[in-house]
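In: Have a look at this prediction, sequence included:
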Amino acid sequence: MGATLRPRELVKTTWERVVPISETSAGLFYGRLFEVEPEFRALFPAREGAMQEQGRKLMQTISIAGNGLGRLDRITPAVQVLGRRHVAYGVRDGDYDTGGATLLWTLEQGLGDAFTPEASEAWAETYGLIADVMKDAAEAAPQRDGYDPAGTAPETKG
């Protein structure tokens with residue numbers, strides 16, 4: 001379960017083209033995310049500058065993940081922490097699909113023709129690996145207030 005050399009190279013080289021436009025890319029990402037799922041807006045602080053800060057965190061996280069693909073064992077603990085942290089935010093398994101689709105859309109907007117079908121597939125694979133680690137960590141996290149990461153109804157005792 002690891003990315004092959006070619007997809008890793010595609011993720012790295014395409015990401016290098018995003019870095020100079022990272023602030024714009026973060027704005028595109030969150031704009032699209034809130035357009036597709038308006039209720040996600042409530043998950044983020046409303047204070048001034050919060051979304052710019054969140055955008056920087058997003059771009060840093062993607063950089064770390066992309067640069068760590070060849071060393072998944074080194075980044076897995078940090079990705080697991082991120083997954084557990086997302087439990088407290090109310091993120092559910094299905095929300096990762098929305099995040100992945102939004103990321104691919106953002107990359108397509110920012111990279112244009114450089115975001116080839118092969119690059120899209122490499123990014124989808126990479127995101128899938130990271131999202132799976134996050135979801136597994138979320139499922140293993142202590143559940144709070146009846147939260148269920150799969151989004152299913154709690155079983156009733158009867």
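Out: Now that the structure is in, tell me what you want to look at. Numbers count the residues shown, from 1 in each chain.
In: residues of the helix ranked longest in the chain that come out buried?
Out: Ranked by residue count, the top helix of the chain under DSSP state H comes out as helix 117-140. Using 16 or more other C-beta atoms under 10 Å as the test for burial, helix 117-140 gives 119-120, 122-123, 125-127, 129-131, 133-135, 137-138. For the C-beta atoms, the positions are set from N, CA and C on the backbone; glycine is no exception.
In: tell me the mean pLDDT for it?
Out: The predicted model gives helix 117-140 an average pLDDT of 93.
In: likewise stretch 67-81?
Out: 85.
In: How about stretch 102-111?
Out: Within the predicted structure, the mean pLDDT of stretch 102-111 is 96.
In: ok, and what's touching that stretch?
Out: Taking contacts as C-beta atoms under 8 Å, 6 or more residues apart in numbering, the residues outside stretch 102-111 that touch it are 14, 17-18, 21, 24-25, 28-29, 32-33, 36, 62, 115, 119-120, 123-124, 127.
In: mind running it again at 10 Å?
Out: Around stretch 102-111, the neighbours that count as contacts under C-beta atoms under 10 Å, 6 or more residues apart in numbering are 11, 14-15, 17-18, 20-22, 24-37, 40, 58, 62, 114-115, 119-121, 123-124, 126-127, 131.
In: Do you have the helices of the protein handy? List them.
Out: With DSSP H as the definition, the chain shows helices at residue ranges 5-18, 22-36, 50-67, 72-89, 93-111, 117-140.
In: which of the residues in the first one are buried?
Out: By 16+ other C-beta under 10 Å, the buried positions in helix 5-18 come out as Pro7, Arg8, Leu10, Val11, Thr14, Trp15, Val18.
In: quick one: average pLDDT of it?
Out: Taken as a whole, helix 5-18 has an average pLDDT of 87.
In: how big is the angle separating it from helix 93-111?
Out: With axes from the mean of the first three to the mean of the last three C-alpha atoms, to 10 degrees as the basis, helix 5-18 and helix 93-111 are set at 60 degrees to each other.
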